[in-house]
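Below is the sequence, then the predicted model.
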Amino acid sequence: MMTSFFVGKASEIPEGEKKIVVANGRSIGVYNIEGQFFAIRNTCPHQGAALCTGITTAFINSSGPGNFVHEREGEIVRCPWHQWEFDIKTGHMIVDPKKRTKSYDVTVERFDVSVEESEIYVHL
Ligand code: FES
């Protein structure tokens, strides 16, 4: 059965910010990305670091040496332990396609979020 957990008022998490909450014993990071809210488990699938305490960053794309383009600013979280990066919107790991030697399916658990009358809820 799905339960809804009250995260806080929408105004508590401005754009580009996050809030870490504990819901039913699970630590969850709730992010505001351009006015939309996303929630992921605050546990890195690599070795269990508190993923959401890592920096929020951009996807850095490069077309060649010295050419860097920051894309999707604020949509990527970087684990503080070994710098694995995850897409906050999907939970999927970010892998540089040029460096990939095999395909990974490493994801961090994500949760549905709704905003009702300016209050944010995570659905578990
Ligand atoms: S524990 Fe997150 S990258 Fe290693």
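All right, it came through fine.

Residue numbers of this structure in contact with the ligand?
44, 46-47, 49, 79, 81-82, 84 (C-beta under 6 Å from any ligand atom). C-beta here means a position set from N, CA and C on the backbone, and glycine is covered the same way.

Drop anything exposed from the residues you listed.
Burial by neighbour count, 16 or more other C-beta atoms under 10 Å: within the residues of the chain next to the ligand this picks out 44, 49, 79, 84.

of all those residues, which two lie farthest apart?
A49 and W84 (9.0 Å; C-beta to C-beta).

Could you find the lowest-pLDDT member of the buried ones among the residues of the chain next to the ligand?
For these, the model is least confident at W84; its pLDDT is 91.

Can you tell me the strand partners of the helix or strand harbouring I40 and which way each runs?
Element membership for I40, per DSSP states H and E: strand 36-41. Looking at strand 36-41 with DSSP bridges, its partner strands are strand 26-33 (antiparallel), strand 110-116 (antiparallel).

Could I get these in a markdown table, plus columns for mean neighbour count?
Output for these, formatted as a markdown table (neighbours: other C-beta atoms under 10 Å):
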| stretch | mean neighbour count |
| --- | --- |
| strand 26-33 | 21 |
| strand 110-116 | 15 |
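
Can I get those strands in TSV including mean pLDDT?
As requested, the strands paired with strand 36-41 are exported to TSV (pLDDT from 0 to 100):
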stretch	mean pLDDT
strand 26-33	96
strand 110-116	95
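
Can you tell me which of those strands is nearest to F68?
Between F68 and the strands paired with strand 36-41, the shortest separation by C-beta to C-beta is 21.2 Å, and it involves strand 26-33.

Centroid-nearest residue for the protein?
I88 (2.7 Å; C-alpha atoms, centre = their mean).

give me every residue that touches it.
29, 31, 33, 38, 40, 56, 75-77 (C-beta atoms under 8 Å, 6 or more residues apart in numbering).
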